[in-house]
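Enquirer: Below are the sequence and a predicted model for it; my questions follow.
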Amino acid sequence: MTSGKRTYRRLPGKKRNWLGTTSLWVGPDHLLSVDLQGFIEVYNRYYYTDIQSILLQPDGRQRRITRIWGAGAILALSLLLVSLAKSAWIWSGLWATATATALLGLLFNWLAGATCTCEIRTPVQNVRLPSVNREKQARKALAELRARIAAVQGRLSSDDLERGMERLSEEKPLLWTRIASEASSGALPLRPASTAVYTLVFSILLVDGVVNGMDVFLNHVALSIASTLTFLALAVATVAALIRKAQERGPQQLGRLLASVIGYLGLVYLESIVASAFDPPAQPDQWRSTWEVFVQHSQRDILASSWVLGIYSILVPAAFCIGILGFIALARWRKEGGVPPRPSDLGSHRTEPPQAAAGLG
Amino acid sequence: MILQLQLSCPRCKTRLPPHLLNTERYTACPTCRWAFQLEVFPALFQGAGVDSGGRAVESEGEAGCFYHPQKRAVVPCDACGRFLCSLCEVELDGRKLCPTCIAIGRRKGRLPNLQKEGVLYDRAALMLATLPILFFPFTMLTAPIAFVLAIRHWKTRERVLPRTRLRMILAILLSSAQMGGWVWLGYLIVRGPTGGQ
């Protein structure tokens, strides 16, 4: 009865909660789910020989998280602009930090990918694995598990699968009341891509590039106002585009371009900080109206400051590059097809009520 | 019934055609269009063994199970050697064990695969050594506890997963520093502001 040394390898994915984390580990003959609750780890083992099936389903959590971060970003950005208009520098710093945090949250949520739920089914239980909650992680975990289960149980060929299902339908024909014979393909039907919000983002970006380009050589208050407005509009449109991106799986290139737009916004914000550092108000204690701030901003000589000029030399070409690449990506996307249907959309297109559910329940 | 449910759409419970299983990507239910991916393994189609209840002893020369003498023995226990019927045989860690050996092994902690939970003493010690720093007077009490906890459970291996001793070392160092600080403070108080002169 001696215990051999066991080696476990962690699968991708971790679910955090208030007391600890939940993670998934693969062992030599079983899958180990570790639930850390304070100072105690609770173990659940699922032996590869017992696992009958694994079910992955997309869920709308990423969309909800994006909405929350997006709403936070818009709110913080609005407060930042109000603070800037009132020249409340401490509050401006606070709201700028909040805006950056919310934008980072959006970025991380987008980088983590679509959310999903994962269930393991054994002869006696259906267990949801909370640590596998992102599609990217789920695919990696599933690939690992598939190989390990196949090593123990063997592979299930399509013939074996059909034979097994036939045998089951012969044994319990009444339970399967509906045979999905019309399904000739498992591919998801595509719906037309809605590109309006992305078009808006890339259009504003091009306008911003033009305005910033002109701002380098011309000193006019209208350019300063236009630059601020385009920045605000771009931030709002980017949040809207990120929400849309979370709702539907568009091309990856579009996602990268949106990430670049967030980087661009960060650079514009950096430029405003650098500019204010090099061009402080003449009388810091004196309250200035928004108009006065715009006037002072428009009168600065960008060509005189190497820092500001350096940032502008990155900003303007970046705006044009991202904008043009964005339009190319959108055109390609429209040409190639659309996006898969959302689960919520799919649910509304049910052709018949599920009678089988009543029979199986 | 569970078996049928496993081969049905998770939403509308319609039976799925075989080509929608094991697709390695999301697929849609042909009826309700719900998106999912269902990986099915051979264990799904393997029913309970015919002999799972244990067969009765039929002839004089057949060995009977130690726990059920009327049942035919199929395997000896790898730990104690008792004969077991298919009902009593439990396969664990690649060995065939009887219920008594499993109970003993579980009680003595010799079967790691039956361990349900583990206490993380290193985490507890480190928390005791760090968190009370925010309310430093408490460290007079918590630092010795953290130190004792870390030393006492230095070799305890309750956790199934691999873990370094870094937390233990940090807990010992921090709690030692805190205790040293309190000793130093006590010395200063006893000596007085003039240095005992």
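Expert: Structure's in. What do you need? All of these numbers come straight from a predicted model, not from anything done at the bench.
Enquirer: What mean pLDDT does the strand ranked longest in chain B get?
Expert: If you go by DSSP state E, chain B has its longest strand at strand B:35-40. The pLDDT scores in strand B:35-40 average 90.
Enquirer: Figure out how far it is from the centre of its chain.
Expert: Mean-position distance between strand B:35-40 and its chain equals 28 Å (Cα atoms, centre = their mean, to the nearest Å).
Enquirer: That strand pairs with which strands, parallel or anti?
Expert: Using DSSP bridges, strand B:35-40 pairs in its sheet with strand A:53-58 (antiparallel), strand B:27-28 (antiparallel).
Enquirer: With respect to residue B:72, which of these lies nearest?
Expert: With Cβ to Cβ, the closest approach to residue B:72 among the strands paired with strand B:35-40 belongs to strand A:53-58: 34.1 Å. Quick note: C-beta positions are derived from backbone N, CA and C, even for glycine.
Enquirer: Quick check: what element follows that closest one along the chain?
Expert: helix A:61-85 (DSSP states H and E).
Enquirer: export the helix or strand following that next one as CSV, just CAs?
Expert: Following helix A:61-85 in sequence order, the next helix or strand is helix A:89-112 (DSSP H and E). Taking Å, rounded to 0.1, in the frame of the first residue of the first chain, the C-alpha atoms of helix A:89-112 are listed here in CSV:
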residue,chain,number,x,y,z
TRP,A,89,-5.5,68.3,-12.3
ILE,A,90,-5.7,65.9,-9.4
TRP,A,91,-9.1,64.7,-10.4
SER,A,92,-7.9,64.6,-14.0
GLY,A,93,-5.2,62.2,-13.0
LEU,A,94,-7.6,60.1,-11.0
TRP,A,95,-10.1,59.8,-13.9
ALA,A,96,-7.3,59.3,-16.4
THR,A,97,-6.1,56.3,-14.3
ALA,A,98,-9.7,55.0,-14.2
THR,A,99,-10.1,55.4,-17.9
ALA,A,100,-6.8,53.6,-18.5
THR,A,101,-7.8,50.8,-16.2
ALA,A,102,-11.1,50.4,-17.9
LEU,A,103,-9.5,50.4,-21.3
LEU,A,104,-7.0,47.8,-20.1
GLY,A,105,-9.8,45.7,-18.8
LEU,A,106,-11.4,45.9,-22.2
LEU,A,107,-8.2,44.9,-23.8
PHE,A,108,-7.5,42.0,-21.5
ASN,A,109,-11.1,40.7,-21.9
TRP,A,110,-10.7,40.9,-25.7
LEU,A,111,-7.3,39.3,-25.6
ALA,A,112,-8.6,36.4,-23.5
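Enquirer: Remind me what helix A:89-112 packs against, helices and strands.
Expert: helix A:61-85, helix A:221-247, helix A:252-278 (3 or more Cβ pairs under 8 Å, 6 or more residues apart in numbering or on different chains; DSSP states H and E).
Enquirer: contacting residues around residue A:121?
Expert: A:51, A:52, A:53, A:54, A:55, A:127, B:6 (Cβ atoms under 8 Å, 6 or more residues apart in numbering or on different chains).
Enquirer: Wait, the fourth one touches residue A:145, no?
Expert: Yes - with contacts defined as Cβ atoms under 8 Å, residue A:54 counts as touching residue A:145 at a distance of 6.6 Å.
Enquirer: Skipping adjacent residues, who's closest to residue A:208 in space?
Expert: In this structure, residue A:208 finds its nearest non-sequential neighbour in residue A:230, 4.2 Å apart by Cβ to Cβ, 6 or more residues apart in numbering or on different chains.
Enquirer: Model confidence score at the one you found, please.
Expert: So residue A:230 comes in at 90 (pLDDT).
Enquirer: how much space is there between it and residue A:323?
Expert: From residue A:230 across to residue A:323, the span is 12 Å (Cβ to Cβ, to the nearest Å).
Enquirer: Could you do residue A:302 as well?
Expert: From residue A:302 to residue A:323 the distance is 21 Å (Cβ to Cβ).
Enquirer: Give me the more crowded residue out of these two.
Expert: Per other Cβ atoms under 10 Å in any protein chain shown, whichever of residue A:302 and residue A:323 has more neighbours is residue A:323, with 23 against 18.
Enquirer: how about that one, phi and psi?
Expert: Here is the backbone geometry of residue A:323 (degrees, to the nearest 10): phi -60, psi -50.
Enquirer: check contacts around it.
Expert: A:202, A:203, A:205, A:206, A:209.
Enquirer: and the second one, how many residues sit next to it?
Expert: Going back to what we said before, that points to residue A:203. Neighbours of residue A:203 (other Cβ under 10 Å): 16.
Enquirer: Once you drop chain neighbours, what's closest to it?
Expert: According to Cβ to Cβ, 6+ apart, the nearest residue to residue A:203 is residue A:323 (7.6 Å).
Enquirer: which of the contacts of residue A:121 are buried?
Expert: With neighbours counted by 16 or more other Cβ atoms under 10 Å in any protein chain shown, the contacts of residue A:121 contain buried members at A:51, A:52, A:53, A:54, A:55, B:6.
Enquirer: that older thread, which of the helices and strands packed on helix A:89-112 sits most buried?
Expert: The highest mean neighbour count among the helices and strands packed on helix A:89-112, using mean count of other Cβ atoms under 10 Å in any protein chain shown, belongs to helix A:221-247: a mean of 20.
Enquirer: Tell me how far it lies from the chain's centre.
Expert: 19 Å.
Enquirer: Let me see the confidence value for the nearest residue to residue A:103 once chain neighbours are set aside.
Expert: Distance criterion Cβ to Cβ, 6+ apart; nearest residue to residue A:103, sequence neighbours excluded, is residue A:73 at 5.5 Å. Residue A:73 is assigned 92 on the pLDDT scale.
Enquirer: got it, and residue A:301?
Expert: Taking residue A:301 on its own, its pLDDT is 73.
Enquirer: same thing with the one 3 residues further on?
Expert: Reading off the confidence values, residue A:304 has pLDDT 70.
Enquirer: residues contacting it?
Expert: Residues near residue A:304 by Cβ under 8 Å, 6+ apart: none.
Enquirer: ok, residue A:316 to chain B distance?
Expert: 41 Å (Cβ to the nearest Cβ, to the nearest Å).
Enquirer: on that earlier part again, between the buried ones among the contacts of residue A:121, which sits nearest residue A:220?
Expert: So of the buried ones among the contacts of residue A:121, ranked by how close each gets to residue A:220 (Cβ to Cβ), first place is residue A:55, at 61.3 Å.
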